[in-house]
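Q: Quick one: sequence plus predicted model below, questions after.
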Amino acid sequence: MTAKDNRDDMLGRARVKDNAALEAYYEELAGFETGALWTVANDIEPWEPKPKSAPTIWRSRDLRDKVLASLDLVRPEDAGRRVVFLRNPMRKDVSACCGWLFSGIQVMRPGESAPAHNHAASALRFIMEGAGAYTVVDGHRMTLGAKDFVITPNGTWHEHGVLEDGETSMWQDGLDIPLTNALEANFYEVHPDDYQNSNLPMDDSPAAWGTPGLLPAREKWGAFYSPLMKYSWDKSYQGLLDFARVTDGDPYDGVIMRFVNPQTGGDPMATMGAQMQLLREGEHTKAHRHTGNVIYHVAKGKGYSVIGGTRYDWEEKDIFCVPAWTWHEHCNLAEKDDAVLFQFNDFPVMEKLKFYREQAYPENGGHQDVTAQA
Ligand SMILES: [Fe+2]
Ligand SMILES: [Fe+2]
């Protein structure tokens, strides 16, 4: 079967030519909160996804000082969370960074702590800088080191802070608040005791569940989310280096690995997934596109990505997004070093709802024409 050219005037699409009688009919229908489907069908059923978000980059060199400035302007006790959020220029109405995903940069100074709360949206963090920061998720206390990835599954009590003898710390937050709101399922609660009182040993989660290939033999973990809540940079990066020795890598993503719930092999949380990928010296991937929105954080190195024909140069701590069904390819500019991209996404939702689709860029040897530079 050969696919036809997609035209809105073809058999199978709505192609009614309006006339006076129809206009009068539409008006009559509107009076009863109804409408004729053929007047909206082609808009609400596009041939393929039309992402609302714009590809966007947020560079650390532009934002770091502005995030630090918030330290002197608000207290975490008043702000709830001292976060500068990343607002997609096309998604101001829902405060989204990309698609239905939210992201921001949180900053705390030594001795500060933000009160415990929980919400129906899932959350994760990727640590950017600092020392002595900690998070507590349902009583599990974890130290946060640079480039560690930490999850806060939906519905869990959580709070963050920085120890007195620590350093001002900064991390990227990722949540699916816009998705949860779009589904009209969001709840928010403040902890009755303000802060969690936990006797669990520090870093019990990674100590028990963070060894590759080994799980506690007797412990039972009944929750729907991962018992491993912190994925340390050292282990993740070493994993990529090891894998790089034995694989050619993926044509579109280089050496890419996904973060999993070690007990199930599935995603660590129900609605958001995370992956980390290594681009070898000078590697330039081919372009593809897929459903699902992705927010990248440059964990190491420098290079650029071509997203929808525009080149976005990036370096460590920059954040950029790839909206759904938008062509993208990545390039590591270093001749003698690797580059590493951390990403989080809404793939678990796409997969559970059977919406995931992927397509390779068919022309030009798999590379887009670069028509602009951001
Ligand atoms: Fe939260
Ligand atoms: Fe991709």
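A: Perfect, I can see it now. Ligands and ions are numbered 1, 2, ... in the order given.

Q: The stretch 251-374 of the chain: strands as residue ranges?
A: Applying DSSP state E, counting those that start in this stretch to the stretch 251-374 of the chain gives strands spanning 255-258, 273-279, 288-290, 294-300, 302-307, 310-315, 319-322, 328-332, 339-345, 358-360, 372-373.

Q: Ranking the ones you listed by mean neighbour count, which comes first?
A: Across these, the average number of neighbours (mean count of other Cβ atoms under 10 Å) peaks for strand 319-322, which reaches a mean of 27. (C-beta placed from N, C-alpha, C; glycine too.)

Q: and that one, what does it pack onto?
A: Strand 319-322 is packed against strand 56-58, strand 294-300, strand 302-307, with contacts defined by 3 or more Cβ pairs under 8 Å, 6 or more residues apart in numbering; DSSP states H and E.

Q: re the thing from before, so can I have JSON lines of the strands of the stretch 251-374 of the chain showing mean pLDDT?
A: Below are those laid out as JSON lines (pLDDT from 0 to 100):
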{"stretch": "strand 255-258", "mean pLDDT": "98"}
{"stretch": "strand 273-279", "mean pLDDT": "98"}
{"stretch": "strand 288-290", "mean pLDDT": "98"}
{"stretch": "strand 294-300", "mean pLDDT": "98"}
{"stretch": "strand 302-307", "mean pLDDT": "98"}
{"stretch": "strand 310-315", "mean pLDDT": "98"}
{"stretch": "strand 319-322", "mean pLDDT": "98"}
{"stretch": "strand 328-332", "mean pLDDT": "98"}
{"stretch": "strand 339-345", "mean pLDDT": "98"}
{"stretch": "strand 358-360", "mean pLDDT": "98"}
{"stretch": "strand 372-373", "mean pLDDT": "97"}
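
Q: mind putting these in a markdown table, distance to P51 included?
A: As requested, the strands of the stretch 251-374 of the chain are exported to a markdown table (distance: least, Cβ to Cβ, whole Å):
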| stretch | distance to P51 |
| --- | --- |
| strand 255-258 | 22 |
| strand 273-279 | 18 |
| strand 288-290 | 10 |
| strand 294-300 | 11 |
| strand 302-307 | 11 |
| strand 310-315 | 14 |
| strand 319-322 | 9 |
| strand 328-332 | 12 |
| strand 339-345 | 14 |
| strand 358-360 | 14 |
| strand 372-373 | 17 |
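
Q: Distance to V83 for the helices and strands packed on strand 319-322 - can I get that in TSV?
A: Shown next, in TSV, are the helices and strands packed on strand 319-322 (distance: least, Cβ to Cβ, whole Å):
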stretch	distance to V83
strand 56-58	13
strand 294-300	15
strand 302-307	25
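
Q: V370 is nearest to which of these?
A: Smallest distance to V370 across these (Cβ to Cβ): 5.7 Å, for strand 302-307.

Q: now the closest one against strand 273-279, angle please.
A: Angle of strand 302-307 versus strand 273-279, following axes from the mean of the first three to the mean of the last three Cα atoms, to 10 degrees, is 120 degrees.

Q: and strand 302-307, which strands flank it?
A: strand 310-315 (antiparallel), strand 328-332 (antiparallel) (DSSP bridges).

Q: Make TSV from those and add distance to F259 to it.
A: TSV is the format used below for these (distance: least, Cβ to Cβ, whole Å):
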stretch	distance to F259
strand 310-315	21
strand 328-332	19
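
Q: Can you say which of those strands is nearest to G222?
A: strand 328-332 (38.4 Å).

Q: what's in contact with the helix of greatest length in the chain?
A: Longest helix in the chain, counting residues (DSSP state H): helix 233-246. Applying Cβ atoms under 8 Å, 6 or more residues apart in numbering, the contact partners of helix 233-246 are 145-149, 210, 212, 255, 257, 259, 276-278, 280, 299-300, 338, 340.

Q: buried sites along it?
A: With burial defined by 16 or more other Cβ atoms under 10 Å, the residues of helix 233-246 counted as buried are 233, 236-237, 239-240, 244.

Q: Give me the packing partners of the longest strand that the chain contains, helices and strands only.
A: Longest strand in the chain by number of residues, with DSSP state E as the criterion: strand 158-175. Applying 3+ Cβ pairs under 8 Å, 6+ apart, we find strand 158-175 packed against helix 60-69, strand 102-108, strand 117-119, strand 123-137, strand 140-144.
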